[in-house]
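Asker: What follows is a protein structure lacking sequence information:
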């Protein structure tokens, strides 16, 4: 993908080729992918297959869920290999990488307002490889900095297993999640919905990840 817009779509159960640059899901050098699911993609047919979910060198991946993708055992990244462009307001979980990132490899570009949690690479837990400092207002164990979070994001239910064996959980946030109201506000959010068709802005700031925790309703009492 080098331009245009893909929205409200599923990029799912694809399998890349037999070379070390093989991509299972989507390869982006431009354009906008938004409000979509990238799931259960396999990088390729060899142990060197590169990235399961996709490779981002330009453009924007926005408000997407990326889960259950897998690279080859000697490949790179389970979820998204990022060398340019922007990934924002995404939830990345249950992916299985090779020698680099289970969730993402941050080799360039910018990652904001995202949750990268409960991913693995072969034989060890890993969420963010490369340069974690490229992540801002995000949640992952490898991150640091005042606006990042390393605590469990508290999904409503966790997924089971990793890679193409992953069984999806409910990746909406509990109201007590540390990711609630901890994102950075962007202009596109004012009129946008999240992946569950809830208003993207509901509190004092956006939530991290692809879902906005709904504001709990209160009670009204009338006295005479």
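Answerer: That came through, no problem. None of these values were measured; they are calculated from a predicted model.

Asker: Contact partners for the residue nearest to residue 94 when sequence neighbours are not counted?
Answerer: The shortest distance from residue 94 to any non-neighbouring residue, by Cβ to Cβ, 6 or more residues apart in numbering, is to residue 166 (3.9 Å). For the C-beta atoms, the positions are set from N, CA and C on the backbone; glycine is no exception. Taking Cβ atoms under 8 Å, 6 or more residues apart in numbering as the criterion, residue 166 is in contact with 40, 67-68, 94-96, 159-160.

Asker: 7 Å - rerun?
Answerer: Residue 166 is in contact with 67-68, 94, 159, counting by Cβ atoms under 7 Å, 6 or more residues apart in numbering.

Asker: try residue 151
Answerer: residue 178.

Asker: pLDDT score for it?
Answerer: With respect to pLDDT, residue 151 scores 96.

Asker: State the helix or strand in which it lies.
Answerer: Using DSSP states H and E, residue 151 sits within no helix or strand.

Asker: Where in this protein is the helix or strand with the lowest mean pLDDT?
Answerer: strand 124-125 (a mean of 80; mean pLDDT, DSSP states H and E).

Asker: what lines up beside that strand in the sheet?
Answerer: Strand pairing for strand 124-125, using DSSP bridges, gives strand 120-121 (antiparallel).

Asker: for stretch 139-146, the distance to its chain's centre please.
Answerer: 15 Å (Cα atoms, centre = their mean, to the nearest Å).

Asker: That stretch: end-to-end distance?
Answerer: End-to-end distance for stretch 139-146, by Cα to Cα, to the nearest Å: 11 Å.
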